[in-house]
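Undergrad: coords below, sequence missing:
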Ligand SMILES: Cc1ncc(C[n+]2csc(CCOP(=O)(O)OP(=O)(O)O)c2C)c(N)n1
Ligand SMILES: Cc1ncc(C[n+]2csc(CCOP(=O)(O)OP(=O)(O)O)c2C)c(N)n1
Ligand SMILES: [Mg+2]
Ligand SMILES: [Mg+2]
């Protein structure tokens, strides 16, 4: 395991707390609301209820109803209102209750959130964050389990971020809130209450657009993000026992992708396995393959493999674990690229 | 130029008319409304006005207001109503005035149009077509020029089709209307009133999911669709003069892609140039690259190249020709893969 | 607005007749039918909560308090009518004819349970709020297109009225005079948001004005009132008079779902205390008692039948054959695309999860 | 509904005062100011159509007939208020303070012309119908948040009322009592669809009932009435009384855009014939004449000034520096991502189109 510089630093002098991902997010929001009066939270049930996952727990009590605003059930309406607020100098943080309920706001995002800066040649910029829990594996009802980051990675004008652990969750969230451009911040539901990590109490940020080398190896580059990180790591751990070692990279930002960290690793290993839970066709994996084709063609020793969600609607929960990539499927792919 | 079998047949005995793309579409709708009483057209200005591009010209007069229905300005509403009609045995053909105005109906498409068959294990199927003019290059206002096929190619449960000429336009449209599943039918605005072609008067169809080899060559495989076909062909024509010959494939269906025609060609040429006007990152091109990586890795002699719209909002029309792929950019890419 | 749209009521919470006009319709048979269905879905609902607690099904959505609204409306439908329910309207679906074991399977995350019935036109519960309202409009328009006499009903909550699809669905239905009833259950909350902060209008029914359609505000705890209001609306629909917006004023007694803790955002204790007073089933029982329709024997008997039926369905649900991964691939298109076929084979090769 | 919302009018089409209450406000200065602006945007509009015919600009969106609505409303705004126009409201934008050459550049497909003003809060014309209504709500909410006294106005057509974003925007604004005026120009058509088939409600103003907000139906050909109705609505907004929905009943004299042929779907001849009778500028002229406010010399003078101003702006537009491809890349993000930077460099290397 490589300890990242940030993490190493964080673990030295600074005061830290042991937090889950959801707590780290709550903490990041708390820090930023405290720091900047122009920042406010909008969404369904974010106030008294503290969000259906408790991401905003306690924040309305602390900052008041103007800063943590329960909106009507109206995604286009409140994403649109956030756009208007951002025109007018506020920095809204919008919660979409589940990523699958972002669709009613799709037009607002595709035509305004992403295009305002270009449309006004920089006169207006929208400093706003849209947070959304995403992904399958927690026995949610239909539409609550979508992993459609690819839609947004294809939209010029918005960055797409997805942490896989508590430290990154807080740091990336703060970076997203401070970014002068719109950011879609995807939160892996499946990891919300998983492993705790030491998270600095103070404000810090993790740079957008940078992946992280989480595990080092020689044979294969494994690329993943969010809830697929533990799946990837379980598989590479198994592979290590069979003498196959992998670079495992947590991409963390899905647009723009960290081309450099990807190519550096691929040019070392020559073999690639990408793991994501979104549908295979047109998923972010296909863009990663295209980038590698571009940067590292001559280094490749095997066709790149994707281990992804299938080209089927995310099934109800009785089959969700069949839909999702498993360590077995990842291991299989690793073996395949090694044995090619 | 290779003459396709269909085209060759069509030019023998059958009665044909020389039609533009838009006329061929009008003709296809006419044929299908005449054939099947359960088929109807819904959309903005499709009635008396005959559609802003005249795709439905004369059809309301001929078939009546029940069959060609002017709807309120309400994309979610009338796509949703079409879903309800399709539940109830009708076969609606919905016109979205410009592809950039499909966004308000995105939720309907992402959660119902595409998922109903799976959700009901086949009890309900939605035999419906969504037609939309797409693309830049005709001096339209903002949002009227989007080419976002990639969103829909990433949605399990809908086929995505895009003709580049009058013959295919009618044949693919009829196939789409007859397909038991939802089809998004993208119409290249820029070609609406371009070259005329002999189009059989009678009903015929062009199979969905099949590309077409339009030009044959040895050195490079050029893949394109819709309005980029003439751009690709101009470039390959120029290249031919420099002694470089290309397979030019009109993909015609963007989901599911015709894997076989692609691999067959790539395994011959070893070099690939993909041309599309959608944004590069996460465009359909990236999926094509991924498929080729999978099927033809050992045959590749150079990194595959993409010539695409940029990762920027489609600009207003003063810059639209700078945004769009040009024959020069395609030629450049062809030279690049040849000289690699 | 409450003046313009007075609450339509036939019996009050003590079971007294407050509206003489409909006295004739309140026969013993009708009362028993309504009582039976309310009791049936209440029993099922209680079982649902219990099964979830025992970990035998996933998250469950209780509807206790809304039985009169769901039963009164569902029993107003004719056999060939169309029902478009939400996740909370399984009481209505069951009453209209959904298969009990299918419904339970659905709570178990089984795709086989998604379709409520193979016989009745009951659509799968709509999860994305308000998206099914345009469907109901379209299904109803198709009936007009075909020249039949069938109608559609769409169920939705107070929160749903804030979504664009509510508006677009009602507007389209109104323009085309679609034979559809938009049946709103205003249970006062959208998860944690009280209806007073969902909207600035005093009532939901007044939103009918925006579409120039009929609006009716009805006591959603009075099964007779709901039943008759929906009957009348359906009749108008069949007569070509277009859609009606009905606001049934009701109460969600419990949590939003079994994953929700209502005490976080409302005085749940107060609701628990007043439950019996306003309970729609007890209200009907009081009426029946006062009017000599109450038959202790019959009640015992139906309770036994219901218990039996539900237990049998639970058994069926729990002994249902294991989920087959193939069904996730087999119904995306009529014929799987090569991508889906390939993915399916790959999964089966690795073995999937057993 | 027309009874509940009578048409607010101050002068009728012959120029007669029909509403004594506002007599004091109809000063000669006010009349001249309104007349000047209507004449200015009419001249500009005619020039726009002509320039398009000559191929000097792209598709143009004429607003002839709607000058009273656009000028009356725009002049009601205070300097720091927010304006959210559509593609047809450039008359309003110009009146509020948009730069003339910028507006023309915009019709020439130039991104440099997209932002109407660097000084006033005028948003770029919204192309996707109704999407800017929630923005207006949000900008107004931000004013409340900051504790200022500024308000917002959103323009939209009759067709826009069918979109979900209309509904969501008004609902949110109503819930938060946002200081915003929703200014509808009901010009009778959405491209080819007459308003009677856009909706089943008799008026647009009655849609205010759905949100429990103030609604005003105003004669959109009467610039005084529009002006005062909007002033009053803005005042209510600033006083914390929340949003108002104003329906200005007006007429689109010409085509939807220069690419549209209205004779395909309506009796355009009839509209041409009645134009002078209902023309909002002629109406004001009649009023001014009857009330001794008409000054031939002054009219000549403003006409000359306007002509000059517009010709200068056209020259500026036509001599504007060539479009620079870089601007399409440079403003997607504050700092271009590597993808954008790479694409930009590639394009510049190939040379782009010159
Ligand atoms: C588009 C969308 N956004 C958010 C949600 C999450 N959600 C599920 S139920 C609910 C509240 C619905 O309230 P209401 O319409 O009053 O119905 P009720 O649950 O009270 O029956 C919310 C916000 C959703 N399902 N769909
Ligand atoms: C979401 C969306 N759908 C379709 C269009 C195409 N369109 C442009 S203007 C228009 C009609 C608008 O009518 P109305 O709201 O009455 O405004 P008017 O043009 O009369 O001023 C349509 C359908 C669009 N711009 N946006
Ligand atoms: Mg509710
Ligand atoms: Mg209009």
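TA: Everything's here; your move. Keep in mind it's a predicted model, so treat the numbers as computed, not measured. Ligands and ions are numbered 1, 2, ... in the order given.
Undergrad: which residues does the residue of chain C found nearest ligand 1 bridge with?
TA: Here chain C gets closest to ligand 1 at one residue, residue C:157, 2.2 Å apart by C-beta to the nearest ligand atom. C-betas here are computed from N, CA, C, even on glycine. Note on residue C:157: beta-bridge partners by DSSP bridges are residue C:185.
Undergrad: how much space separates the residue of the stretch 101-250 of chain A found nearest ligand 1 from chain C?
TA: Proximity of the stretch 101-250 of chain A to ligand 1 (C-beta to the nearest ligand atom) peaks at residue A:101, 3.6 Å away. Distance check for residue A:101 against chain C: by C-beta to the nearest C-beta, to the nearest Å, it reads 6 Å.
Undergrad: what's the closest non-adjacent residue to that residue?
TA: Once flanking residues are discounted, residue A:101 sits nearest to residue A:75: 6.0 Å by C-beta to C-beta, 6 or more residues apart in numbering or on different chains.
Undergrad: ok, the one you found to residue A:43 distance?
TA: Counting by C-beta to C-beta, to the nearest Å, the gap from residue A:75 to residue A:43 is 9 Å.
Undergrad: please enumerate the shared neighbours of those two.
TA: Contact with both residue A:75 and residue A:43 is made by residues residue A:96, according to C-beta atoms under 8 Å, 6 or more residues apart in numbering or on different chains.
Undergrad: higher neighbour count, those two?
TA: Taking neighbours as other C-beta atoms under 10 Å in any protein chain shown, residue A:75 and residue A:43 compare with residue A:75 leading, 30 against 27.
Undergrad: residues touching that one, list them.
TA: The contact partners of residue A:75, taken as C-beta under 8 Å, 6+ apart, are A:96, A:101, A:102, A:103, A:104, A:105, C:163.
Undergrad: so of those, which ones are in helices?
TA: Using DSSP state H, no member of the contacts of residue A:75 falls in helices.
Undergrad: tell me the residues on the stretch 51-200 of chain A that lie near chain B, please.
TA: Within the stretch 51-200 of chain A, the positions lying close to chain B (C-beta under 8 Å from any C-beta of the partner chain) are A:100, A:103-104, A:106-107, A:110-111, A:114-115, A:118-119, A:142-143, A:148, A:150-151, A:153-157.
Undergrad: now swap in the stretch 251-354 of chain C and tell me
TA: C:327, C:328, C:330, C:331, C:332, C:333, C:334, C:337, C:338, C:339, C:340.
Undergrad: apply 10 Å and report the result again.
TA: Taking C-beta under 10 Å from any C-beta of the partner chain as the contact definition, the stretch 251-354 of chain C meets chain B at C:327-342.
Undergrad: just checking, which of these belong to helices?
TA: Reading helices off these with DSSP H, I get C:327, C:328, C:329, C:330, C:338, C:339, C:340, C:341, C:342.
Undergrad: which of the residues you listed are buried, as a ChimeraX select command?
TA: To isolate the buried ones among those in ChimeraX, judged by 16 or more other C-beta atoms under 10 Å in any protein chain shown, type:
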select /C:327,328,329,330,339,340,342
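Undergrad: is the longest strand along chain A up against chain B anywhere?
TA: If you go by DSSP state E, chain A has its longest strand at strand A:272-279. Yes: using C-beta under 10 Å from any C-beta, strand A:272-279 reaches chain B at A:272, A:274, A:278, A:279.
Undergrad: most neighbours, which of these?
TA: Result: residue A:274 is most packed of those (other C-beta under 10 Å), 32 neighbours.
Undergrad: for the residue nearest to it when sequence neighbours are not counted, give its distance to ligand 3.
TA: Of all residues not flanking residue A:274 in the chain, residue A:285 sits nearest, at 4.2 Å (C-beta to C-beta, 6+ apart). Noted for residue A:285: a distance of 40 Å to ligand 3, by C-beta to the ion, to the nearest Å.
Undergrad: could I get the full set of helices for the chain?
TA: All of this refers to chain A. Using DSSP H, helices in chain A cover A:5-10, A:21-35, A:59-63, A:75-87, A:106-108, A:116-119, A:149-153, A:166-178, A:228-241, A:259-269, A:284-296, A:320-323, A:327-339.
Undergrad: nope, chain C
TA: Using DSSP H, the helices of chain C run over C:28-53, C:67-74, C:90-96, C:100-107, C:132-146, C:164-175, C:195-198, C:223-238, C:268-278, C:280-290, C:296-318, C:326-330, C:338-350.
Undergrad: out of those, nearest to ligand 4?
TA: Distance to ligand 4, taken as C-beta to the ion, is lowest for helix C:164-175 among these, at 15.3 Å.
Undergrad: and the closest one, what's buried?
TA: C:164, C:165, C:166, C:167, C:168, C:169, C:170, C:171, C:172, C:173, C:174, C:175.
Undergrad: ok, it near ligand 2 or not?
TA: No: Helix C:164-175 stays out of contact with ligand 2 when judged by C-beta under 6 Å from any ligand atom, the minimum separation being 11.3 Å.
Undergrad: domain map for chain C?
TA: Here the domain assignment for chain C is C:20-322, C:324-354, based on automatic domain parsing.
Undergrad: hang on, the earlier thing: of the residues of strand A:272-279 next to chain B, just say which sits nearest to residue B:340.
TA: Residue B:340 lies nearest to residue A:272 out of the residues of strand A:272-279 next to chain B, by C-beta to C-beta, at 20.2 Å.
Undergrad: what about the closest residue in space to that closest one that isn't next to it in sequence, how many neighbours?
TA: Spatial nearest neighbour of residue A:272, excluding adjacent residues (C-beta to C-beta, 6+ apart): residue A:304 at 4.0 Å. By other C-beta under 10 Å, the residues close to residue A:304 number 27.
Undergrad: can you read off the pLDDT for residue A:304?
TA: pLDDT, residue A:304: 98.
Undergrad: what sits against it?
TA: Applying C-beta atoms under 10 Å, 6 or more residues apart in numbering or on different chains to residue A:304 gives the contacts A:221, A:223, A:266, A:271-274, A:285-286, A:288-290, A:292-293, A:296, A:333, A:337, B:289-290, B:293-294, B:297.
Undergrad: give me that answer again for 7 Å
TA: A:272, A:274, A:289, A:292, B:293 (C-beta atoms under 7 Å, 6 or more residues apart in numbering or on different chains).
Undergrad: and what of residue A:133?
TA: A:53, A:98, A:99, A:187, A:189.
Undergrad: anything in stretch A:51-59 near ligand 1?
TA: No: no part of stretch A:51-59 sits near ligand 1 under the criterion C-beta under 6 Å from any ligand atom; the closest distance found is 7.8 Å.
Undergrad: tell me which residue in the stretch 151-300 of chain A sits closest to chain D.
TA: As assessed by C-beta to the nearest C-beta, chain D sits closest to residue A:256 within the stretch 151-300 of chain A, at 3.8 Å.
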